[in-house]
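Asks: Give me a 3D structure for the following:
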Amino acid sequence: MMNGLYELLGAKPLFLWTDLLIWLLVGVILLSVSYTRRRPHLLEPWRRVARSRMAMGSLVVLLLYVVVGLLDSVHYRPALAPSEVTQEYQGEGQQEIHYAVQARTLLDWLVGDLGQESEKSYSTPFATHLYSRERVEGEEGGVMRDFPRLVHGGAHLERVEERQGDLLQRLTVGGAEGVVLWLLLALLLGKMLTRRQRGRSALQWLSRTLRKVPTRDGETNTVPWSTVLWVTAGASILLMVAIQMGVHYHILGTDKVGQDVFYQAVKSIRTGLVIGTLTTLIMLPFAVFLGIMAGYFRGWIDDAIQYTYTTLSSIPGVLLIAAAILMIQVYIDNNAALFETTEERADLRLLFLCIILGVTSWTGLCRLLRGETLKLREMDYITAAHAFGVSHLRIITRHILPNVMHVVLISVVLDFSGLVLAEAVLSYVGVGVDPTMHSWGNMINGARLEMAREPVVWWTLFASFLFMFVMVLAANLFSDVVREAFDPRVQSRGERS
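Replies: Got it, this is the predicted structure:
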């Protein structure tokens, strides 16, 4: 039955461990949002975050990265055409279906053949010829050294002189399409926000928001929708311009083997998100459980936990990560038959990298939670709970844990950008993700030799730096606002002032 369904779809789904964990995380976040919306005391700090222009602008950028990462987290193996495989027959002459060894994602399906359009070697951004001279055959039959024409980049142009005009035309068309896309998104948002307001249309809401006209109620502490709309407009225009130009040009050039650098940078978004989110989820149980246990029970439990994280902190993290990655790589090499695709091999290494990063990075949060719990256990309401015979488990879950969640949340959002940068550093030294997996660290690792050649190949390093910089900057700006909104000390200073 399943084979018949795969034959109908023309593809076989591929379930990777990190894909399942990512979609599980999405479900947990949606449940958390639903739970928070029904509790005003939990919703109030997020309202303070939503009133910040910097936070909402950064959130739009982060959501764009998240959407790309989610599209790249749905893998499948397309069925091969009969001409691509040796025809095999089963039973009564039924042909066996073969599936591609290399998996694809929904993002690959959306961008089309961008990942398959390879050149011979390096080419600069928006170029029509290779970056280096080669021996080519002239029009009159002679051999000369010249810059060969690219196979895909600018191949639609009859004459190279037409490139500037073509780029300007595509820039204009892409900008116009971006404006149309932005208007659709803005009207959809306006429709959602005004569905309960009679006599007010989405177009009126959009006009008043862009002109920053006060609401009918005179409210000032509302969500800065104008910032959201302008950032969305910039993102929509850039997206459509990239689509228009990426179809016929290599926007950020090609690397040594002719692969499109822009495609590699976009595909690396998923790796950065996986490292930043799954590592945090792996770290949280260790940090929260052990930190609260050490601060609440004290005594020999506190001593044992302190000894554990002190010992773990004394081990050089890079050496521990390198040892774990080498062990899992040996396992993968010795059990190659367990993995049908290269994506499964690379995904297992990525998962273990997240695990080992989580195991080595929980000690800092554990220390913070231990100190916070030591302070909370001396509060009067905790003493009263002990006097009334309330169990330790109930005290921890009802009184301690809710009062340390602001520390947990602040640490999570602050550690995200650090983990993304850690992946780049680890991949650069050779103990990060699999070399076959797209990541900014692998791009930087491959670009270190390109910067030493003459002429310099700069665009691979620039592309990885640009994409990583934008995501880390947006995450840092958003986390800074979250820290101020959830930190009780900041709130108490604001009330006194």
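
Asks: wait, isn't Val429 in contact with Val318?
Replies: Yes - applying C-beta atoms under 8 Å as the test, Val429 and Val318 come out as touching, 7.2 Å apart. For the C-beta atoms, the positions are set from N, CA and C on the backbone; glycine is no exception.

Asks: Please report the distance of Val33 from Val111.
Replies: For Val33, the distance to Val111 equals 30 Å [C-beta to C-beta, to the nearest Å].

Asks: Same drill for the two, tell me which one is more crowded.
Replies: Neighbours were counted for Val33 and for Val111 using other C-beta atoms under 10 Å; Val111 has more, 21 against 11.

Asks: Quick one: neighbours of the residue lying closest to the more buried one once chain neighbours are set aside, just the number.
Replies: Distances taken as C-beta to C-beta, 6 or more residues apart in numbering place Tyr263 nearest to Val111, at 7.1 Å, with adjacent residues excluded. By the criterion of other C-beta under 10 Å, Tyr263 has 23 neighbours.

Asks: Ok, the one 10 residues further on next?
Replies: Neighbour count of Leu273, defined by other C-beta under 10 Å: 24.

Asks: could you list every residue that touches it?
Replies: By C-beta atoms under 8 Å, 6 or more residues apart in numbering, the residues touching Leu273 are 22, 65-66, 69.

Asks: Include distance to Pro125 when you put those into TSV, please.
Replies: Below are the contacts of Leu273 laid out as TSV (distance: C-beta to C-beta, whole Å):
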residue	distance to Pro125
Ile22	31
Tyr65	22
Val66	26
Gly69	24
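
Asks: List just the nearest of those residues to Leu238.
Replies: Nearest to Leu238 among the contacts of Leu273 is Tyr65, at 13.0 Å by C-beta to C-beta.

Asks: For the helix or strand harbouring Arg270, give the mean pLDDT please.
Replies: Using DSSP states H and E, Arg270 sits within helix 261-297. The average pLDDT within helix 261-297 is 88.

Asks: what does stretch 187-201 give?
Replies: 76.

Asks: for stretch 329-341, same thing?
Replies: Here stretch 329-341 scores 82 as its mean pLDDT.

Asks: Give me the buried positions along it.
Replies: By neighbour count with 16 or more other C-beta atoms under 10 Å, stretch 329-341 contains the buried residues 329, 332, 341.

Asks: Give me the contact list for it.
Replies: Contacts for stretch 329-341 (C-beta under 8 Å, 6+ apart): 14, 77, 101-103, 345, 348-349.

Asks: redo that, cut-off 6 Å
Replies: With contact meaning C-beta atoms under 6 Å, 6 or more residues apart in numbering, stretch 329-341 is reached by 101, 103, 345.

Asks: Closest one of the residues you listed to Gly364?
Replies: Checking the contacts of stretch 329-341 against Gly364 with C-beta to C-beta, the nearest one is Arg345 at 31.9 Å.

Asks: contacting residues around the closest one?
Replies: Residues in contact with Arg345 (C-beta under 6 Å, 6+ apart) are 332, 339.

Asks: Mind exporting the C-alpha coordinates of the helix or strand that it is a member of to CSV?
Replies: Assigned by DSSP H and E, Arg345 belongs to helix 342-360. Extracted in CSV, the C-alpha atoms of helix 342-360 (Å, rounded to 0.1, in the frame of the first residue of the first chain):
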residue,chain,number,x,y,z
THR,A,342,24.5,10.5,2.2
GLU,A,343,21.9,12.8,3.9
GLU,A,344,21.3,10.1,6.5
ARG,A,345,25.0,9.8,7.3
ALA,A,346,25.4,13.6,7.5
ASP,A,347,22.3,13.9,9.6
LEU,A,348,23.5,11.4,12.2
ARG,A,349,26.7,13.3,12.6
LEU,A,350,24.8,16.5,13.0
LEU,A,351,22.6,15.0,15.6
PHE,A,352,25.5,13.8,17.7
LEU,A,353,27.2,17.2,17.3
CYS,A,354,24.1,18.7,18.8
ILE,A,355,24.1,16.2,21.6
ILE,A,356,27.8,16.7,22.5
LEU,A,357,27.4,20.5,22.3
GLY,A,358,24.4,20.2,24.7
VAL,A,359,26.3,18.0,27.1
THR,A,360,29.2,20.4,27.3
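
Asks: would Tyr76 count as being in a helix?
Replies: No - read with DSSP: H, G, I helix; E, B strand; the rest coil, Tyr76 is strand and lies in no helix.

Asks: I'd say it and Ala11 touch.
Replies: Yes - here Tyr76 reaches Ala11: they are 4.3 Å apart, a contact under C-beta atoms under 6 Å.
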